[in-house]
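In: give me a model of this one.
(one chain, ligands or ions: 2)
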Amino acid sequence: MATTSLDKSKIRFLLLEGVHQSAVASLQAAGYTNIEYLKTSLPDEELKQKIADAHFVGIRSRTQLTREVFEAAEKLIAVGCFCIGTNQVDLEAATEHGVAVFNAPYSNTRSVAELVLAEAIMLARGIPEKNALAHRGGWLKSAANSFEVRGKRLGIIGYGNIGSQLSVLAESLGMDVVYHDVVTKLPLGNANPMPSLEELLATSDVVSLHVPETAETQWMIGEKELATMKKGSILINASRGTVVDIDALAKAMQDKHLAGAAIDVFPVEPRSNDDEFISPLREFDNVILTPHIGGSTLEAQENIGVEVADKLIRYSDNGTSLSSVNFPEASLPAHAGHHRILHVHHNIPGILGRINQIYSEQGVNISGQFLQTNESIGYVVTDLQADHSREAIKKMKEIEGTIRCRVLY
Ligand SMILES: NC(=O)c1ccc[n+]([C@@H]2O[C@H](COP(=O)([O-])OP(=O)(O)OC[C@H]3O[C@@H](n4cnc5c(N)ncnc54)[C@H](O)[C@@H]3O)[C@@H](O)[C@H]2O)c1
Ligand SMILES: O=C(O)[C@H](O)COP(=O)(O)O
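Out: Ligands and ions are numbered 1, 2, ... in the order given. Below is the predicted model of the structure:
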C-alpha cells in the first residue's frame, strides 16, 4: 500500500521521449519544479531505476510500461501518455497498482488525417517513384498510372476520431467514402458504412487503417486481406505497427498487386533517431515510409503537452481523474480549508462502510464525499477538517483491499 502526501517541490515528474516543452511550462506554472526531462525513451533497466523515484511519468508511444515496470514504480501516482495510443501501457497492471493513466485523445487527430490524405494523393499520382527517379537524374513525364482522387473510393477501417475526420476531408475532395467499424458509427456527410471488411477491401481504391492496437486488430491485414484488395489499389497505415503483416505487404508490392502504400508505424521501430530502420519495404520506391510521425506536428505536440500536463496537475492538485483511461472518473470541486483524502481500493463490497466507520470512530466532521467505482477498483474522496487527516490516513492503511491512499493539504 502506498501513501503520499508531499510538498509540491518533492513531487517528482519524469518526462521521457521529448514531450513538448509546453508540458514543462504548464507543470512549472502550477508549482511543480522537480522535473527530469529526457529526449529519448529508456532501456528497461534504466527505466525501472528512474521510475522508482517518480510520482508522475510522461511518455509517448515508444516507452513500454509493463507490469514489471509498475512493480518497480512504488511511488508512481499517475502516467501521462502524451499521445493518443495507450497500448504501450499495461493498463491492468497500472490499475492494480492504483496508478491513473491519462492521454490526449484528440490533439493530433487532424495531423494524422491531413498526412493520410496527402499520401493518398501522392500515391495516386505515382509521385514517390517519380520523385525518387528525379533524385537519381531520371525524368518520367507521363500520365500513365496517374489518377485524380476525385471520384475514387476511400475505405476507412476504424471510424473513430481520426477515421471520421479523414472522411470529411476526403469528401471535400470529391472522394466516395466508405468505412468499416466494429461499433455502429454515425456516418458523416455522405459516407457509407460497409457491412463487411471484405467488401470494403474488395471495392476501395485507397484503404486507410485507423484502428487501435488490440488482440482483434493484430495482423488484421495479412496475405488474404491484401489479396482481397483491388489490383492497383493503395494501402495506408498510420494506426499501429501490429495491424499490417509487413512481409505479406512486401510480397504484394513485389507482385505489383498494389500500386502503392504509405506506412508510418511498424511492428518494431528504432528506439532512437540514431538507430537503423530495418524493413523489407525499404526497397520499394512506391511505398512512402515515415518514422511514426503521423501526429508529429508542432501544433499537435504543443497542444498535447498542455492537455496531458493539465490532467496530471489536476489529478495531483485535487484528485480529479476526469478522462482517465483506467480510473473511475471524478470531477472534484476545490477543497480550500479542508484536507482531502483519496482512497483507491479493489472493488470489493464494504470498503466505503469501513472508511466511514474510521471517520466516525475518530469524530471526524466530513464536509464532502465522493465514491466512484469501475469493474476493478473504487475511488473514494473525502474532504474533512484539517487536523483530523493524519490520524485518519494511518487507519485507512489497515483497511483490507486498500491499494493507495494520499492526502491533499
Ligand atoms: N501514426 C501516428 O502518429 C498516430 C497518431 C495518433 C493515433 N494513432 C493511432 O491511431 C489509432 C486510432 O486513433 P483514433 O483517435 O481515431 O482512435 P478512436 O478510438 O477514436 O477510433 C478507433 C476506432 O476503431 C474502431 N475499431 C476498434 N477495433 C476495430 C476492429 N477490429 N475493426 C474495425 N474497427 C475497429 C473503434 O470502434 C473506433 O471507432 C490510435 O489507437 C493510435 O494507435 C497513430
Ligand atoms: O498514439 C499516438 O498518438 C501516436 O502513435 C503518436 O505517438 P508519438 O507521440 O510517439 O508520436
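In: how about the residues of the stretch 201-350 of the chain by ligand 1?
Out: 210-214, 216-217, 238-240, 264-265, 292, 294-295 (CB under 6 Å from any ligand atom). Using the backbone N, CA and C atoms, a C-beta is placed for each residue, glycine as well.
In: close to ligand 2, is the lengthiest helix in the chain?
Out: Determined from DSSP state H, the single longest helix within the chain is helix 298-318. No. On the criterion CB under 6 Å from any ligand atom, helix 298-318 is out of touch with ligand 2, staying 7.4 Å away.
In: quick one: buried residues of that helix?
Out: 300-318 (16 or more other CB atoms under 10 Å).
In: list the strands paired with whichever helix or strand comes after that helix, with their directions.
Out: For helix 298-318, the succeeding helix or strand toward the C-terminus, using DSSP states H and E, is strand 338-346. Strands that pair with strand 338-346, judged by DSSP bridges, come out as strand 377-385 (antiparallel), strand 402-408 (antiparallel).
In: any idea how far stretch 316-331 is from the chain center?
Out: Put simply, stretch 316-331 sits 17 Å off its chain's centre (CA atoms, centre = their mean, to the nearest Å).
In: CA atoms only for it, dumped as PDB, please.
Out: Extracted in PDB, the C-alpha atoms of stretch 316-331 (Å, rounded to 0.1, in the frame of the first residue of the first chain):
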ATOM      1  CA  SER A 316      -2.100  15.800  -8.300                       C
ATOM      2  CA  ASP A 317      -3.600  19.000  -7.000                       C
ATOM      3  CA  ASN A 318      -7.200  18.000  -6.300                       C
ATOM      4  CA  GLY A 319      -7.700  14.300  -7.200                       C
ATOM      5  CA  THR A 320      -9.700  15.000 -10.400                       C
ATOM      6  CA  SER A 321      -9.500  11.900 -12.600                       C
ATOM      7  CA  LEU A 322     -11.700  13.100 -15.400                       C
ATOM      8  CA  SER A 323     -10.900  11.400 -18.700                       C
ATOM      9  CA  SER A 324      -8.500   8.800 -17.200                       C
ATOM     10  CA  VAL A 325      -8.400   5.700 -19.400                       C
ATOM     11  CA  ASN A 326      -8.400   3.300 -16.500                       C
ATOM     12  CA  PHE A 327      -9.700   5.000 -13.400                       C
ATOM     13  CA  PRO A 328     -13.200   5.800 -12.100                       C
ATOM     14  CA  GLU A 329     -13.800   9.300 -13.300                       C
ATOM     15  CA  ALA A 330     -14.200  12.100 -10.700                       C
ATOM     16  CA  SER A 331     -14.600  15.800 -11.300                       C
END
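In: which residues belonging to it are considered buried?
Out: Buried, per 16+ other CB under 10 Å, within stretch 316-331: 316, 317, 318, 319, 320, 321, 324, 325, 326, 327, 328, 330.
In: residue in the stretch 251-400 of the chain nearest to ligand 2?
Out: residue 295 (4.0 Å; CB to the nearest ligand atom).
In: tell me the secondary structure for that residue?
Out: coil (DSSP: H, G, I helix; E, B strand; the rest coil).
In: residues of the stretch 1-150 of the chain that sit close to ligand 1?
Out: So the stretch 1-150 of the chain meets ligand 1 at 84, 85, 108, 109, 112 (CB under 6 Å from any ligand atom).
In: find the nearest non-adjacent residue to the second one, please.
Out: Sequence neighbours aside, residue 61 is the residue nearest to residue 85 in space, at 5.5 Å (criterion: CB to CB, 6 or more residues apart in numbering).
In: can you verify that neighbour is assigned to a helix?
Out: No. Judged by three-state DSSP, residue 61 forms no part of a helix; its state is coil.
In: show me the residues around the residue of the stretch 251-400 of the chain closest to ligand 2 that make contact.
Out: Residue 295 makes contacts with 83, 84, 107, 108, 111, 112, 301, 304, as judged by CB atoms under 8 Å, 6 or more residues apart in numbering.
In: and residue 352, by the same measure?
Out: When contacts are counted by CB under 8 Å, 6+ apart, residue 352 touches 371, 378, 380.
In: repeat for residue 249
Out: Going by CB under 8 Å, 6+ apart, residue 249 touches 221, 226, 235, 258, 261, 263, 281.
In: now the spatially most central residue of the chain: which helix or strand?
Out: By CA atoms, centre = their mean, the chain has its centre lying nearest to residue 85, at 2.0 Å. Under the criterion DSSP H and E, no helix or strand holds residue 85.
In: separation between it and residue 303?
Out: 16 Å (CB to CB, to the nearest Å).
In: now residue 359: closest residue in space, sequence neighbours ignored.
Out: Nearest to residue 359 is residue 366, by CB to CB, 6+ apart, at 5.8 Å.
In: average pLDDT for the helix or strand harbouring residue 154, rounded please.
Out: Here residue 154, judged by DSSP H and E, is contained in strand 153-157. Throughout strand 153-157, pLDDT has a mean value of 99.
In: C-alpha coordinates for that strand, CSV please?
Out: Extracted C-alpha coordinates of strand 153-157, given in CSV (Å, rounded to 0.1, in the frame of the first residue of the first chain):
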residue,chain,number,x,y,z
ARG,A,153,-13.4,5.2,-53.3
LEU,A,154,-11.7,5.6,-49.9
GLY,A,155,-12.2,2.7,-47.5
ILE,A,156,-11.6,3.7,-43.9
ILE,A,157,-11.1,0.9,-41.3
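In: please compute how far the very next helix or strand once past it lies from its chain's middle.
Out: As assigned by DSSP H and E, the chain's next helix or strand after strand 153-157 is helix 161-172. Distance, stretch centre to chain centre, for helix 161-172: 20 Å (CA atoms, centre = their mean).
In: done for today, thanks.
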